[in-house]
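Peer 1: heads up, no residue letters with this:
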């Protein structure tokens with residue numbers, strides 16, 4: 001039964017700058033979580049975000065609000081000059097900066113910090129809006145929703161998806177996690193000229209009645225930097241789409257891989273001296289934070305992997321993609337030329353094939369075996385020679401598909417020059433850097449969306465130093481793609497907590513907490529080299545296991561933690577009607593070691609899903625999945641959902 005029916009005049013308002021406004025990972029959190037939350041609250045679930053005209057035109061449809069109190073509030077605010085509307089599927093969306101610009105002096109925010117000013121103004125409008133409504137539970141996400149918690153009536157939940165100061169400190173190459181307890185937070189924030197932002201974030205954390213965060217890693221960070229211990233951890237989930245046909249995700253992987261291979265053929269024209277059937281695609285994606293996202297040790301590990309593959313005479317080639325936005329002015333000419341050459345070769349081959357097929361058909365039609373010497377004439381050979389001549393190339397394939405505005409100082413390009421990965425014929429590791437904001441099916445280079453690209457790769461590599469959660473490895477998991485994470489990311493810690501042998505399921509976790517930088521890189525290199533040694537059959541087995549973890553990341557399971565947080569807020573807001581019992585800390589999924597993987601006495605052994613061809617033949621995916629399902633410890637259903645009255 002929807003919560004709205006059991007609680008009269010209570011509405012859940014979820015506030016974030018990224019409601020129907022795609023600028024980061026919180027957009028994904030809200031978009032994917034909306035359905036399970038609406039199932040619980042019904043029409044009493046309202047999302048509140050900025051009114052961004054371009055986003056409203058493309059993502060929402062304005063409607064009349066169903067609640068009389070909301071209609072009165074919106075009418076009152078519109079009468080005073082605010083632009084307020086109700087878009088279908090996302091609840092309330094509002095912001096009108098020009099209306100309250102004169103009131104921003106109530107909080108000291110530097111005039112040049114547009115983002116902080118927007119947060120304060122947005123917070124003022126949200127406080128005004130919620131003050132007019134005067135009912136419900138309010139949940140805000142990150143410091144970007146401004147001063148809402150302290151100014152609004154009712155009881156509030158504040159969810160911090162990362163701390164602002166933590167992100168800045170990690171980007172500054174400090175030993176962050178070993179010194180959490182000793183940072184002078186006011187001094188550090190002031191030196192980085194973010195003290196006003198830090199104050200907004202800390203005030204939001206302290207004014208909220210319930211403080212939550214997305215992982216235990218960030219919970220420790222919030223306790224020391226924001227000076228408040230979170231009440232609850234609410235991990236991020238996804239809407240998991242299960243396929244009706246068994247192993248359909250394997251077919252999607254093959255189809256998407258073919259699209260990526262076509263791009264590689266064009267990019268490496270003239271130097272395509274490696275077998276694409278023995279080529280593995282690795283990728284890293286996310287915000288361009290060179291050290292925080294682990295791009296630094298990924299590049300170093302690739303250089304070492306290149307050496308190992310060469311000295312061991314491996315036939316495997318690795319193509320590494322970097323999908324990280326940066327400042328560019330356009331695609332470079334050489335990258336575009338490569339795709340044009342590939343298309344021209346394809347057109348030439350098709351033209352020759354059609355002529356050959358027609359002559360073959362006519363020969364067979366009269367009952368004669370074709371004379372192969374007469375099937376292709378001189379014109380055909382001339383056409384093919386011209387096509388081959390067009391593939392001649394004196395320079396190496398570019399390592400970047402775009403013209404970088406700061407090429408000389410770009411961290412990735414500078415590191416590539418240092419380690420010498422220039423896509424030469426001797427290199428077994430090739431590097432391709434994409435810098436668009438998002439991959440798109442309309443791109444002239446690689447016309448695929450991000451999801452299709454991920455499905456076409458073999459391994460996602462995300463060795464982050466600062467990653468409060470980590471949506472990129474989670475997305476890989478639900479699509480059946482193995483990934484590398486770390487025990488400093490929320491995702492990595494979550495998987496270690498719920499899986500007995502993560503690497504057997506294709507979740508490789510680098511230890512960046514208790515090891516030196518040299519050991520980080522050596523461990524990551526070992527993971528990558530071990531992955532390259534797997535056979536095609538072993539990779540298929542591992543992808544099957546990876547995809548079986550999908551239930552663990554589904555909002556149908558993880559949405560319970562947000563329910564617990566709202567329960568806590570409701571118990572504080574309406575103690576006469578609601579009670580709250582904290583969830584058991586140990587209650588959750590427990591995935592055992594896969595049934596077909598023998599236990600190993602050597603913990604340092606590289607984990608591989610298969611160890612011999614004989615074992616491969618005995619592997620049965622359905623049988624192993626059935627055994628795993630029988631052995632998985634599932635969490636008990638939370639009693640009394642939705643929250644019960646006294």
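Peer 2: Ah, there it is. Keep in mind the model is a prediction, meaning the values are calculated, not measured.

Peer 1: Wasn't residue 282 part of a strand?
Peer 2: Yes. Membership of residue 282 in a strand is supported by DSSP: H, G, I helix; E, B strand; the rest coil.

Peer 1: Pull up the gap between it and residue 43, please.
Peer 2: Per C-beta to C-beta, to the nearest Å, residue 282 is found 46 Å from residue 43. Backbone N, C-alpha and C define where each C-beta goes, glycine included.

Peer 1: ok, now residue 316?
Peer 2: 55 Å.

Peer 1: quick one, strands of the stretch 301-450 of the chain?
Peer 2: 317-323, 328-331, 402-404, 429-434 (DSSP state E, counting those that start in this stretch).

Peer 1: Generate JSON lines for those strands, with mean neighbour count as supplementary columns.
Peer 2: Output for the strands of the stretch 301-450 of the chain, formatted as JSON lines (neighbours: other C-beta atoms under 10 Å):
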{"stretch": "strand 317-323", "mean neighbour count": "24"}
{"stretch": "strand 328-331", "mean neighbour count": "14"}
{"stretch": "strand 402-404", "mean neighbour count": "17"}
{"stretch": "strand 429-434", "mean neighbour count": "24"}
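
Peer 1: Mind checking those for the one nearest to residue 573?
Peer 2: When those are compared by C-beta to C-beta, strand 317-323 sits nearest residue 573, at 43.1 Å.

Peer 1: I'd like to know which elements that closest one is packed against.
Peer 2: For strand 317-323, the elements it packs on are strand 279-285, helix 295-311, strand 429-434, helix 450-456, judged by 3 or more C-beta pairs under 8 Å, 6 or more residues apart in numbering; DSSP states H and E.

Peer 1: If you count contacts, what does the longest helix anywhere in the chain end up packed against?
Peer 2: Taking DSSP state H as the assignment, the helix of the chain that covers the most residues is helix 333-365. If you count contacts as 3+ C-beta pairs under 8 Å, 6+ apart, helix 333-365 packs onto helix 248-267, helix 372-375, helix 378-390.

Peer 1: Listing request: residues of the stretch 451-600 of the chain with sub-threshold pLDDT.
Peer 2: Applying pLDDT under 70 to the stretch 451-600 of the chain picks out residues 582-588, 598-600.

Peer 1: TSV for the helices and strands packed on strand 317-323, including distance to residue 163?
Peer 2: As requested, the helices and strands packed on strand 317-323 are exported to TSV (distance: least, C-beta to C-beta, whole Å):
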stretch	distance to residue 163
strand 279-285	23
helix 295-311	21
strand 429-434	29
helix 450-456	27
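
Peer 1: who wins for proximity to residue 221 among these?
Peer 2: helix 295-311 (20.9 Å).

Peer 1: how big is the angle separating that closest one from strand 429-434?
Peer 2: If you take axes from the mean of the first three to the mean of the last three C-alpha atoms, to 10 degrees, helix 295-311 sits at 150 degrees to strand 429-434.

Peer 1: buried ones in helix 295-311?
Peer 2: 295-306, 308-309 (16 or more other C-beta atoms under 10 Å).

Peer 1: Give me the contact list for that helix.
Peer 2: With contacts defined as C-beta atoms under 8 Å, 6 or more residues apart in numbering, helix 295-311 is touched by 282, 284, 290, 314, 316-318, 320, 322, 324, 411-412, 415-416, 419-421, 426-429, 431, 461, 463, 517, 520-522, 524-525, 528-529, 532.

Peer 1: From those, which land in helices?
Peer 2: When those are checked against helices (DSSP H), the matches are 411-412, 415-416, 419, 517, 520-522, 524-525, 528-529, 532.

Peer 1: Now do the same for residue 635: helix, strand or coil?
Peer 2: Applying three-state DSSP: residue 635 is coil.

Peer 1: I'd like to know how many residues surround residue 28.
Peer 2: Residue 28 has 18 neighbours, counted by other C-beta atoms under 10 Å.

Peer 1: got a list of what it touches?
Peer 2: Residue 28 neighbours (C-beta under 8 Å, 6+ apart): 236, 238, 471.

Peer 1: Give me the distance between it and residue 547.
Peer 2: 20 Å.

Peer 1: Same question for residue 444.
Peer 2: From residue 444 to residue 547 the distance is 32 Å (C-beta to C-beta).

Peer 1: more neighbours, the two?
Peer 2: It is residue 547, of residue 444 and residue 547, that has more neighbours when counted by other C-beta under 10 Å, with 24 against 11.
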